[in-house]
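# build me a structure from this.
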Amino acid sequence: MTTHVALVARAFGAKGIFIEGNDKKLIDSIQKVLDTWGGSSYFIIKEVNSGKEVVKDWKSKGYGSVVHLTMYGINLINFDINELKFPLLIVVGSEKVEGWYYHNSHYNIAVGNQPHSEVSALAIFLDRIYKGRELYMEFRDAKLKILPQRAGKKVTKIG
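Numbers count the residues shown, from 1 in each chain. The predicted model follows:
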């Protein structure tokens, strides 16, 4: 699941991901995507020992808002995105997210108040933040590029 979170984060405009723990296979998988499809200089992968420490550090340095995406939060349709302070630290997880994050994030935001995937919540939330502009993103260091087709698949080498 974390690989999918990273892929969506990259594709939808996030500048990086903090991954709690050590998972070489996961990091290698994400790095392979960056090497092939681009984004190595844009999308930073950082392994951390504690997500809580990342949140504490982010807040203590006053970087911007900490947003926890959870189905239990304020529904995105009732939230004014203009309240957010950038850059954002977006926390996603599954049902395993500790209660600490619910109380230490600036905002608990739901993309609908129904059980759903954090991957889809992240995609929708980032789309709201970037207002669809992220869909035009291209990475200069990509080695492959998809050529959109009405039918079939076409990929070309560019680097």
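# which residues of the protein fall in helices?
2-11, 24-37, 51-60, 99-104, 118-130 (DSSP state H).
# turn these into a markdown table, including mean neighbour count, mean pLDDT and distance to Pro87.
All C-beta spots, glycine's among them, are computed from the backbone N, C-alpha and C. Conversion of those to a markdown table gives the following (neighbours: other C-beta atoms under 10 Å; pLDDT from 0 to 100; distance: least, C-beta to C-beta, whole Å):
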| stretch | mean neighbour count | mean pLDDT | distance to Pro87 |
| --- | --- | --- | --- |
| helix 2-11 | 20 | 95 | 13 |
| helix 24-37 | 14 | 96 | 20 |
| helix 51-60 | 15 | 98 | 9 |
| helix 99-104 | 12 | 97 | 17 |
| helix 118-130 | 19 | 97 | 11 |
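# quick check: the most centrally placed residue in the chain vs Ile90, distance?
In the chain, the centroid-proximal residue (C-alpha atoms, centre = their mean) is Ala9; its distance is 3.1 Å. To Ile90, Ala9 is 8 Å away according to C-beta to C-beta, to the nearest Å.
# picking that back up, find the nearest non-adjacent residue to the residue nearest to the centre of the chain, please.
Ile17 (5.3 Å; C-beta to C-beta, 6 or more residues apart in numbering).
# residues contacting the one you found?
Contact analysis of Ile17 by C-beta atoms under 8 Å, 6 or more residues apart in numbering lists Val5, Ala6, Ala9, Arg10, Ile30, Phe43, Ile44, Ile45, Lys46.
# looking at it, the first one is touching Ala121, isn't it?
Just to be clear, that refers to Val5. No - contact criterion C-beta atoms under 8 Å: Val5 and Ala121 do not qualify, at 9.9 Å.
# still on that earlier bit, need the residues touching each of Ala9 and Ile90.
Leu122, Leu126.
# still on that earlier bit, quick one: which of the contacts of Ile17 is nearest to Pro148?
Closest to Pro148 out of the contacts of Ile17 is Arg10 (18.6 Å), distances taken as C-beta to C-beta.
# next up, the contacts around that closest one.
Ile17, Ile30, Val33, Leu34, Gly39, Phe43.
# among the helices of the chain, which comes closest to Arg140?
Per C-beta to C-beta, nearest to Arg140 of the helices of the chain: helix 24-37, 11.6 Å.
# would you confirm that Ala6 contacts Ile45?
Yes - assessed by C-beta under 8 Å, Ala6 is found in contact with Ile45 at 7.3 Å.
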